[in-house]
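1. What follows is a predicted protein model with its sequence.
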Amino acid sequence: MGGGIILKMEHINPDLLQENLYEKKEFYKERLKTYFRKYPVFDARMSTAFRMYRYISLFLTSVLFLIGPFQAAPLFKVGVIGMLSALTILVLHGYKHYHKNVTFVSMLILLETLCIVMLLAITGGFESAFIWYALNPLIAAFAYLPVFFTWLFLGLFFLWSIAGEILLHESVTTVSQVIRGRSDIMLIMILLTLVIQTFSRLYFILKEQSQKLQLQQRQAEKTLEHISSLYEVVETITSRDDPREIIDLFAAYAKALTGCEKVIFWMENLRCKKTGEEHNFIYTVRGDRSFFPDDLWQANLLQAWSEIKEYRRVVIGDIKDYSRGVNGQLICVPVKSRSCCFGMLAALQSQKLPNLDEIMPTLSFLADLCAISIERNMSEQFTDKLIVIEEQNRIANEIHDSISQNLFSMVYGLDVIVRKVDYLAVEHREILTTIRDAASQTAKELRLLVHGLSPRHRGDDTFVQEVRTYLDGLASLNNVSIDFQITGKEEFLNPAMRRAFYRIIKEATGNAVRHGKCSEIKLDLEMSPFGSNLKIADNGKGFDVSLFKEIDENSKLGLVNMRELTFSLQGVFTIDSKIGEGTVITCSVPVSTGPQSCGSENMIRQEALR
């Protein structure tokens with residue numbers, strides 16, 4: 001068999017080929033633009049220097065032409081200077097009023113270059129005193145036109161000047177003769193052009209850096225103003241308990257700090273600390289109601305909220321007002337903590353925001369700050385609930401130990417009197433019996449009241465339920481498996497222990513998710529009348545425990561807070577961790593002996609008697 005060539009044909013996607021051709025076209029277009037780029041160096045100061053150089057060069061070259069060796073009638077010399085002065089005035093007027101018209105400026109520089117070549121031809125060529133005035137069109141070309149045109153006009157100037165030398169001087173017959181004879185002047189003009197371009201380019205770089213510094217200074221001043229405003233936000237929200245007031249404040253501050261035309265704050269499933277009222281959702285709007293009315297953006301907002309609840313990320317979408325022909329952009333930032341997504345902060349603008357990079361950090365910071373405020377508000381609600389529960393337990397215990405016992409004694413005494421005192425009249429016995437029955441009924445109702453008043457008697461586990469709710473939110477939000485095991489009864493924890501354990505659980509689990517990057521957390525809470533133990537273990541990346549022994553008040557504040565909370569209860573706080581093997585935190589707290597735990601002491605004695 002003879003040899004041959006085998007061609008392997010592959011299918012080429014025409015869309016992909018067209019896309020590659022388009023990318024190459026754009027690449028070469030950008031490369032070509034670099035050769036025709038105009039550096040914006042011409043400002044008021046450069047314009048003044050440009051005019052000054054024109055007038056000074058005109059004056060000096062005119063003086064040299066008048067007193068120079070060029071043989072001509074004085075009237076001729078004065079006429080040449082007059083025409084050149086008129087040309088200078090007309091050219092400067094054209095540059096001043098039409099410098100943004102590239103075509104007009106190009107034609108004006110070309111005409112001026114041709115006039116100067118003609119002027120040089122009748123006043124001595126390259127030996128003319130006006131040779132240095134010829135730099136003015138080159139400076140104008142660099143000031144008003146792309147860099148490429150400067151060298152184009154310089155080449156045209158050399159070409160026309162050489163042609164003039166050959167036509168007007170019989171001794172010069174070739175181009176090489178002109179170049180050899182005038183090489184020094186031509187080289188000087190080329191070097192001067194390079195110097196002018198280098199100086200202008202350096203001026204442009206310095207000016208650009210100066211503008212950047214000024215912009216950074218303005219941004220720094222604006223940032224300081226924002227920080228000051230945010231400090232006012234923090235100071236203001238500390239005194240607000242109603243979540244609606246909190247989101248109203250943040251919406252107002254967000255509109256002021258971002259400059260957007262409308263800001264919407266959407267929150268879900270909140271409880272008012274002051275009134276106890278629950279809200280399925282609440283939202284507030286700051287901005288002109290006529291700008292993008294509610295019916296135009298509500299559907300987009302709900303769609304963004306569904307995405308934020310699922311993915312916990314920023315959502316940016318477009319909104320159109322067909323009645324007005326206006327396009328808008330909706331930016332939605334989640335308001336979330338480590339365990340819960342509360343809502344979102346949205347900014348609405350009539351066009352795509354040119355300063356989106358500046359607005360996004362401000363919105364994100366405000367959203368995080370609002371999440372912290374809401375979480376603090378919820379923690380205060382939980383603390384208030386624990387205080388109310390403890391007070392209810394105290395009142396119930398006092399009623400049970402004093403009033404209820406006194407009523408029992410009254411009922412018992414009346415019953416003895418009715419049964420054993422025979423000399424009382426029948427009517428008196430009936431009165432005593434009625435009093436006894438009324439007292440007995442009152443004692444029964446009082447016991448029911450004590451049972452209804454005290455969560456301990458009702459069997460409510462408020463603390464455990466709150467911890468479970470937090471852990472469920474943390475697990476759902478961060479895709480983490482959390483196993484929460486409980487031993488004992490919640491009634492063995494006084495309010496101080498409940499608050500401390502709640503804060504330690506939040507801090508430890510938050511660190512495990514945020515810093516440890518764990519996927520599993522196990523919590524064991526043992527509650528007994530003789531002491532309570534809390535153990536939190538995770539399978540995260542762990543850390544060097546020796547660093548924890550060297551912590552102070554200025555570093556690792558989360559670990560310091562957990563340790564100090566445990567110490568405040570006269571407990572023992574330990575950390576066992578190895579890099580790559582997870583972390584185990586243990587808090588062992590003895591039974592409370594404080595004045596606020598009298599009820600707990602009674603429970604301890606009852607438990608011991610059992």
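-> Happy to help now that I have it.
2. what secondary structure does residue 292 sit in?
-> Reduced to three states with DSSP: H, G, I helix; E, B strand; the rest coil, the structure at residue 292 is coil.
3. Pull the number of nearby residues for it.
-> For residue 292, the count of nearby residues is 23 (other CB atoms under 10 Å). Quick note: C-beta positions are derived from backbone N, CA and C, even for glycine.
4. go on, residue 296?
-> Using other CB under 10 Å, residue 296 has 19 other residues around it.
5. Could you look up the next helix or strand downstream of the helix or strand harbouring it?
-> Using DSSP states H and E, residue 296 maps to helix 294-311. Going down the chain from helix 294-311, the next helix or strand is strand 315-321, by DSSP H and E.
6. And that following strand, what does it pack against?
-> helix 294-311, strand 326-336 (3 or more CB pairs under 8 Å, 6 or more residues apart in numbering; DSSP states H and E).
7. Would you mind saying which of those lies nearest residue 258?
-> strand 326-336 (9.1 Å; CB to CB).
8. hang on, the earlier thing: tell me the most buried of the helices and strands packed on strand 315-321?
-> strand 326-336 (a mean of 22; mean count of other CB atoms under 10 Å).
9. CA atoms only for that one, dumped as CSV, please.
-> Extracted as CSV, the C-alpha positions of strand 326-336 are listed here (Å, rounded to 0.1, in the frame of the first residue of the first chain):
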residue,chain,number,x,y,z
VAL,A,326,-36.8,54.5,33.4
ASN,A,327,-34.6,51.6,34.3
GLY,A,328,-33.5,50.9,37.8
GLN,A,329,-31.2,48.6,39.8
LEU,A,330,-32.1,46.9,43.0
ILE,A,331,-29.3,45.8,45.4
CYS,A,332,-30.3,43.5,48.2
VAL,A,333,-27.9,42.6,51.0
PRO,A,334,-28.8,40.0,53.6
VAL,A,335,-29.1,41.0,57.3
LYS,A,336,-27.9,37.9,59.0
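10. about what we covered before: now do the helix holding residue 296: everything it contacts.
-> 264, 266, 268, 285, 313, 315, 317, 319, 321, 328, 330, 332, 334, 341, 343-344, 346, 348 (CB atoms under 8 Å, 6 or more residues apart in numbering).
11. And for stretch 483-493?
-> Contacts of stretch 483-493 (CB under 8 Å, 6+ apart): 456, 461-464, 467-468, 471, 498, 501, 520-529, 532, 591, 600, 603-604.
12. Okay, now the unreliable bits of the stretch 1-150 of the chain?
-> Along the stretch 1-150 of the chain, segments meeting pLDDT under 70 span 1-46.
13. cool, and the stretch 151-300 of the chain?
-> The model of the stretch 151-300 of the chain has pLDDT under 70 over residues 169-173, 222-223, 226-243, 269-280.
14. do the same with the stretch 501-610 of the chain
-> Those would be 547-557, 592-610, if you go by pLDDT under 70 across the stretch 501-610 of the chain.
15. can you give me the helices for it?
-> 545-548, 557-568, 598-609 (DSSP state H, counting those that start in this stretch).
16. Select only the buried ones of the contacts of helix 294-311 in ChimeraX?
-> To isolate the buried ones among those in ChimeraX, judged by 16 or more other CB atoms under 10 Å, type:
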select :264,266,268,285,315,317,319,328,330,332,334,341,343,344,346,348
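17. So what sits opposite the closest residue to residue 492 other than its chain neighbours in the bridge?
-> Ranked by CB to CB, 6 or more residues apart in numbering and with sequence neighbours excluded, the top spatial neighbour of residue 492 is residue 527, at 4.6 Å. Applying DSSP bridges to residue 527 yields these beta-bridge partners: residue 488, residue 532.
18. residue contacts, residue 527?
-> 486-490, 492-493.
19. before we move on, the earlier item: among the helices and strands packed on strand 315-321, which comes closest to residue 64?
-> strand 326-336 (63.7 Å).
20. Identify the residues contacting residue 466.
-> 382, 502 are the contacts of residue 466 under CB under 8 Å, 6+ apart.
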